[in-house]
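Asker: All I have is the shape, not the residue letters:
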């Protein structure tokens, strides 16, 4: 905070705004933007790993494994995202605490389920009551990443499964004719080729993932939506040295511009990646590049 901010009542509108936007609580708001970017950076590869595993399971020759992969894709895609987000956070939290309870408190005799309450021994709580606030935040962040990965991994699995089936069968048969094993054919022929077909769907999924990050607010994480609502709401002199009316419209306008910039930048980057991958490929994108080079 600047030195001239000691007495907010004497400030003009411009200086008042300068002081107001540099309070400590506003830096928490600014930090929450990096929190959103961080969860995207972590969740995207984890969800892609879930999706790749689901796609491999769905195309497995072992029936139970194939049923599991296809079931995972169908179930998650058929349920609203918000229901899964709210369910998995509670289920994962209680599941982790139950496993810790079984390992750390084997002599515990009271039932864990007591009516609607889920009660484990104090040592099994996650995080521990004595843990610093940073640990609580990291734990909530980890639960959010796993939940996002499970949900969006199913969509990625559906995209990758379709991309694997789109690879020309003749290329796989040629690899087998040259003596490649099924494992070699999969990793050297199928996987490199499938990304060309998968990228358009994965690009759309990335955009959806960006727009889904406000669901962090429902998971108890102090994200941009939380701070926009808290800071933008009407404040009185009893709560802050900078009382103001309802500013939520301006805060949510800032979020709108932030997400528009994120999606616009993503489109530019993904378009470059797509152009590079389709170069020389027998796809519509590769054909368009060949025609453009010929004219």
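Answerer: Looks like it came in fine. What you are looking at is a predicted structure, and each value in this text was computed from that prediction instead of being measured. Numbering: from 1, shown residues only.
Asker: going forward, measure contacts between C-alpha atoms and count neighbours the same way
Answerer: Will do.
Asker: what about the helices in the stretch 1-150 of the chain?
Answerer: Per DSSP state H, counting those that start in this stretch, the stretch 1-150 of the chain carries helices over the ranges 13-20, 24-58, 63-77, 81-104, 133-166.
Asker: what comes up buried for the first one?
Answerer: The reference is to helix 13-20. Buried residues in helix 13-20, counted by 16 or more other Cα atoms under 10 Å: 16, 19-20.
Asker: Could you tell me which other helices and strands it packs against?
Answerer: Of the remaining helices and strands, none touches helix 13-20 by 3 or more Cα pairs under 8 Å, 6 or more residues apart in numbering; DSSP states H and E.
Asker: quick check: angle from that helix to helix 24-58?
Answerer: Between helix 13-20 and helix 24-58, the angle comes out at 60 degrees (axes from the mean of the first three to the mean of the last three Cα atoms, to 10 degrees).
Asker: How far off centre is helix 13-20?
Answerer: Distance of helix 13-20 from its chain centroid, counting by Cα atoms, centre = their mean, to the nearest Å, is 35 Å.
Asker: got it, and the fourth one?
Answerer: Distance of helix 81-104 from its chain centroid, counting by Cα atoms, centre = their mean, is 18 Å.
Asker: what's the average pLDDT for that helix?
Answerer: Averaged across helix 81-104, pLDDT comes to 82.
Asker: Identify each buried residue in it, please.
Answerer: Of all the residues in helix 81-104, those buried under the rule 16+ other Cα under 10 Å are 81, 84-85, 88-89, 93-94, 97-98, 100-101.
Asker: With stretch 148-167 instead?
Answerer: Here stretch 148-167 shows 148-164, 167 as buried, counting by 16+ other Cα under 10 Å.
Asker: Count the residues that sit near the closest residue to residue 127 other than its chain neighbours.
Answerer: Using Cα to Cα, 6 or more residues apart in numbering and skipping the chain neighbours, the partner closest in space to residue 127 is residue 136 (6.0 Å). Per other Cα atoms under 10 Å, the neighbour tally for residue 136 reads 15.
Asker: how far away is residue 258 from residue 251?
Answerer: 11 Å (Cα to Cα, to the nearest Å).
Asker: Mind checking which of those two has more residues around it?
Answerer: Taking other Cα under 10 Å, residue 258 and residue 251 do not tie; residue 251 has more neighbours (18 against 13).
Asker: I'd say the more buried one and residue 228 touch.
Answerer: Yes. Residue 251 is within contact range of residue 228, at 5.3 Å (criterion: Cα atoms under 8 Å).
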